[in-house]
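**Student:** pasting a predicted model and its sequence here:
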Amino acid sequence: TGSYKLILDGQSTYKGKATVTMWTVPSDPTATATPGGAAGMVALPTPGQNGTITFSATAGHRYSVKLAPVTVSGNALNSTRVSVLKPDLSVLVANTSFGSSGAFLEPFTTVAGGTYTLKIDPRQWYVGNVTATVYDVSADQAGTITAGTPLPLTFAAANAGQNATETFSGTAGQKVSLN
């Protein structure tokens, strides 16, 4: 409690004017998402606010995250950052930039069971809403493909981020194509 000073320190010989806006920043909002279920949404209406979306995770599972819709002002690619924090609040997935076009975090593996946190941090004075959907991703598909024999692969929406690795036999100099 008391008086504070804001000091503007012009650099070198630069001259000009400045307009300063100050905001009283309320508590950071929180939300919860359920892997494979309900998404979590945080509203960040005041510059300087960050948000957190938590989810319960099982040790050794792979999870991916879709960030959409996003209405944070700024630009479509780089107005907000997200990181994934472990239950002890250390970083599992470092800051990843995204904007109003949203983002997708490729699968990451949890190291322990417990509550994981998506930390949402709009840059500068940007404001808006962020919705996060968390997916519990199955192991990648693996198998063998034979030339001339179609191999149907199914990627379910519930497994967003799942990949497939298929092997095949070949000989040196052989040409192959894939459709």
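**Tutor:** Ah, there it is. These figures come from a predicted structure and were not determined experimentally.

**Student:** so what's Tyr135 bridging to?
**Tutor:** Ser64 (DSSP bridges).

**Student:** surely it touches Tyr63?
**Tutor:** Yes - between Tyr135 and Tyr63 there is a contact under CB atoms under 8 Å: 6.4 Å. In short, each C-beta sits where N, CA and C put it, glycine included.

**Student:** what residues are shared contacts of the two?
**Tutor:** Pro35 (CB atoms under 8 Å, 6 or more residues apart in numbering).

**Student:** so where do the strands sit in the chain?
**Tutor:** Assigned by DSSP state E, the strands in the chain fall at 30-32, 40-44, 51-57, 62-70, 80-85, 91-98, 103-109, 114-122, 128-137, 141-144, 164-167.

**Student:** the longest one vs strand 51-57, what angle?
**Tutor:** Right, the one you point to is strand 128-137. With axes from the mean of the first three to the mean of the last three CA atoms, to 10 degrees defining the directions, strand 128-137 sits at 10 degrees from strand 51-57.

**Student:** ok, and what's touching strand 128-137?
**Tutor:** 31, 33-36, 39-44, 51, 53, 55, 61-73, 80, 82, 100, 107, 118, 120, 122, 158-162.

**Student:** which one of the strands of the chain lies nearest to Asn179?
**Tutor:** Proximity to Asn179, assessed across the strands of the chain by CB to CB, is greatest for strand 164-167 (13.4 Å).

**Student:** where does this protein dip in pLDDT?
**Tutor:** Low-confidence segments of the chain (pLDDT under 70): none present.

**Student:** apply 90 and report the result again.
**Tutor:** 7-18, 73-78, 138-143, 146-171, 174, 176-179 (pLDDT under 90).

**Student:** any idea how far Ser97 lies from Asn78?
**Tutor:** According to CB to CB, to the nearest Å, Ser97 and Asn78 sit 5 Å apart.

**Student:** just the buried ones from the contacts of strand 128-137?
**Tutor:** 31, 33, 35, 39-42, 44, 51, 53, 55, 62-67, 70, 72-73, 80, 82, 100, 107, 118, 120, 122, 159-162 (16 or more other CB atoms under 10 Å).

**Student:** ok, back up a step: what's the closest of the strands of the chain to Ser177?
**Tutor:** In terms of CB to CB, the element of the strands of the chain nearest to Ser177 is strand 164-167, at 14.5 Å.

**Student:** what's the closest one packed up against?
**Tutor:** If you count contacts as 3 or more CB pairs under 8 Å, 6 or more residues apart in numbering; DSSP states H and E, strand 164-167 packs onto strand 141-144.
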